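Student: Here is my input; please provide its structure:
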Amino acid sequence: MPLVRIDALRAGSDRLDALGRAVHDALGETIGFPPDDRFQVLVSHDGTSGTLRYDDYLGVQHDDDIVFVAITMRSGRTPEQKRALYRRIAELAHAYAGTEPRNVIISLTENESIDWSFGDGLAQYAPSSSTPG
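Tutor: Residues are numbered from 1 along each chain as shown. Predicted coordinates for the structure are as follows:
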């Protein structure tokens with residue numbers, strides 16, 4: 001249960017796979033997600049029909065190796081866990097895919113148990129409740 005979306009510019013399948021592994025491994029190491037808890041959308045933009053836009057916000061110099069990582073997961077992690085996650089994703093993206101840490105932009109969105117369905121039209125994490133008919 002985190003849902004991860006990774007967008008990269010002109011990334012081949014090997015680089016996308018490496019970036020996906022980097023995020024997945026970092027989530028396991030810093031937050032404790034199990035190895036089989038992988039839900040990822042990996043997208044490469046060709047720069048023509050789809051692209052990424054960025055500037056050098058907050059003085060961080062980005063280039064065309066930029067990677068956007070969006071993670072959605074249930075709330076409850078501490079600020080320290082989140083900082084460790086960001087740091088580890090950047091480290092592993094560099095180690096696995098050669099992406100400079102300055103080019104890894106991460107957004108984390110938290111929600112509640114009722115906000116998830118893993119199939120069959122059920123909210124598997126939320127307790128069942130009967131509603132008056």
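Student: Nearest residue to M73 in space, please, no chain neighbours.
Tutor: P2 (3.9 Å; Cβ to Cβ, 6 or more residues apart in numbering). Yep, even glycine has a C-beta here, placed from its N, CA and C like the rest.
Student: show me what contacts that neighbour?
Tutor: L27, F33, D37, F39, I71, T72, M73 (Cβ atoms under 8 Å, 6 or more residues apart in numbering).
Student: swap the cut-off to 6 Å and go again
Tutor: L27, I71, M73 (Cβ atoms under 6 Å, 6 or more residues apart in numbering).
Student: And the first one, its phi and psi?
Tutor: As for L27, its main-chain torsions (degrees, to the nearest 10) stand at phi -60, psi -40.
Student: Likewise for I66?
Tutor: phi -60, psi 150.
Student: any idea how far H24 lies from Y57?
Tutor: Separation of H24 from Y57 (Cβ to Cβ, to the nearest Å): 27 Å.
Student: Among these two, which residue is more densely surrounded?
Tutor: Legend: neighbour count by other Cβ atoms under 10 Å for H24 and Y57, higher for H24 (20 against 8).
Student: List the beta-bridge partners for the closest residue to G12 other than its chain neighbours.
Tutor: Nearest residue to G12, sequence neighbours excluded (Cβ to Cβ, 6+ apart): S44, at 7.2 Å. Beta-bridge partners recorded for S44 (DSSP bridges): A8.
Student: May I have the helix or strand V41 falls within as PDB, with CA atoms only?
Tutor: Using DSSP states H and E, V41 sits in strand 39-45. Taking Å, rounded to 0.1, in the frame of the first residue of the first chain, the C-alpha atoms of strand 39-45 are listed here in PDB:
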ATOM      1  CA  PHE A  39       2.000  -0.700  -6.600                       C
ATOM      2  CA  GLN A  40       3.800   1.600  -9.000                       C
ATOM      3  CA  VAL A  41       3.100   3.600 -12.200                       C
ATOM      4  CA  LEU A  42       6.300   4.200 -14.100                       C
ATOM      5  CA  VAL A  43       6.100   6.800 -16.900                       C
ATOM      6  CA  SER A  44       8.700   8.100 -19.300                       C
ATOM      7  CA  HIS A  45       8.000  11.300 -21.200                       C
END
